[in-house]
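Enquirer: okay, sequence plus prediction incoming.
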Amino acid sequence: MTTKSHHTADEINATEQTAVRHPLNAGAVRHTRTLGNLAGLQHLGVHLVRVEPGFQTTEYHVHHMEEEFVYILSGRGKATIDGIQSAVGPGDFLGFAAGGPAHVMRNDGPEDLVYLMAGERRDSDVVDYPNARKRLLKQDGGREFVDLPE
């Protein structure tokens, strides 16, 4: 099977945009186009994400085994990284090595916050959600939330 490596903006805009609400945060809704799958990427997840005003990107979290990054394309927001809030906007880059720091973004602007997000696709990961006091255990396609240890 041959996978196409180059995709035009028109092709990307024609792909399905999926709305995902985070299971631990009803105020976290992302509208996502998954770009990595278009090119057949197996080990790297690449997504074009749009977050409407007033919504968060996810639940405040930290991955223990996977790295990820965000590059802001348009819109404005606030990033909370290791408990500290900072304004973010077009051209800003946020990179997170495995193990921390915990992070989340909120669209506090009047227009959609749009960004490119990428991260590893490991078979296993541990994701902590300190504000929700939960841990996500990912193993071979399975996912289970447990309480964070005290």
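Expert: It's in.
Enquirer: show me where the protein dips below the pLDDT cut-off.
Expert: 1-2 (pLDDT under 70).
Enquirer: point to the residue nearest the middle of it.
Expert: M117 (5.8 Å; Cα atoms, centre = their mean).
Enquirer: that one is in contact with E68, isn't it?
Expert: Yes. Counting by Cβ atoms under 8 Å, M117 does reach E68; the two are 6.8 Å apart. The way it works is simple: take the backbone N, C-alpha and C, and place the C-beta from them, glycine included.
Enquirer: tell me where this structure has helices.
Expert: Counting by DSSP state H, the chain has helices at residues 9-14.
Enquirer: longest strand anywhere in it?
Expert: strand 25-34 (DSSP state E).
Enquirer: what about dumping the CA coordinates of that one to CSV?
Expert: Taking Å, rounded to 0.1, in the frame of the first residue of the first chain, the C-alpha atoms of strand 25-34 are listed here in CSV:
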residue,chain,number,x,y,z
ASN,A,25,-13.4,18.0,31.7
ALA,A,26,-16.8,19.0,30.1
GLY,A,27,-15.3,22.4,29.3
ALA,A,28,-12.6,20.9,27.2
VAL,A,29,-13.7,20.5,23.6
ARG,A,30,-11.3,20.2,20.6
HIS,A,31,-12.2,20.1,17.0
THR,A,32,-9.5,18.0,15.4
ARG,A,33,-8.3,17.0,12.0
THR,A,34,-5.8,14.1,12.3
